[in-house]
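K.L.:
my questions concern the predicted model and sequence given below.
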Amino acid sequence: MAKAKIGDKVKVHYKGTLDDGTVFDSSLEGEPLEFTIGSGEIIPGFEDEIIGMEEGEKKTFTIPSDKAYGPHRKELMLTVGKDEFPPDINPTVGQQLQLRQPDGQVFYVVVTEVGENTVTLDANHPLAGKDLTFEVELVEISADNK
């Protein structure tokens with residue numbers, strides 16, 4: 001039976017969990033995830049684990065944070081004055097906000113702390129610094145015929 005390799009388009013069902021068992025993402029209730037191995041569409045650690053699998057094969061693996069979304073970086077934490085927010089926004093812990101850099105690029109942050117006069121924002125990916133465990137089933141392999 002064929003094994004998944006770089007250049008193949010694959011479909012996988014997956015469930016992703018954190019160390020405490022919290023499910024952060026899953027395809028089990030919908031369509032399988034489809035991607036081309038080697039195209040950089042998904043995190044490298046996930047892609048590496050799919051290489052060599054056969055259709056119908058199931059496996060569980062853990063991707064360390066450095067092969068997933070990287071470490072949680074302190075330099076991506078920002079503290080800003082409450083007076084810098086538009087009057088219609090009342091920041092609360094856990095709230096997701098969209099910020100625009102001077103060059104026009106948009107990025108997302110999460111409010112992590114609200115003080116009397118300041119608000120702390122986290123621009124890290126929500127899964128940064130976390131090891132990710134996946135249960136996967138390789139549903140289909142299609143060789144890239146380009």
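P.N.:
Happy to help now that I have it.
K.L.:
and for the helix or strand bottoming out on mean pLDDT in the chain, what's in contact with it?
P.N.:
Here the helix or strand of the chain ranked lowest by mean pLDDT, DSSP states H and E is strand 96-100, holding a mean of 89. Contacting residues not belonging to strand 96-100 are listed as 89, 91, 106-111, 121, 123 [C-beta atoms under 8 Å, 6 or more residues apart in numbering]. Glycine gets a C-beta too; all of them are placed from N, C-alpha and C.
K.L.:
how about the helices in this protein?
P.N.:
Along the chain, counting by DSSP state H, helices occupy 44-50.
K.L.:
got any ranges where it has weak pLDDT?
P.N.:
Regions of the chain meeting the criterion pLDDT under 70 cover residues 143-146.
K.L.:
okay, now the domains of this structure?
P.N.:
The chain resolves into domains spanning 9-70+128-142, 74-122 when parsed by automatic domain parsing.
K.L.:
ok now the shortest one, how far from the chain's centre?
P.N.:
Which is domain 74-122. Distance, stretch centre to chain centre, for domain 74-122: 21 Å (C-alpha atoms, centre = their mean, to the nearest Å).
K.L.:
what's the end-to-end length of that domain?
P.N.:
Using C-alpha to C-alpha, to the nearest Å, the end-to-end distance of domain 74-122 comes to 9 Å.
K.L.:
before we move on, what about stretch 71-85?
P.N.:
Start-to-end span of stretch 71-85 (C-alpha to C-alpha) is 28 Å.
K.L.:
so how far is Pro86 from Ile51?
P.N.:
Note on Ile51: its distance to Pro86, by C-beta to C-beta, to the nearest Å, is 47 Å.
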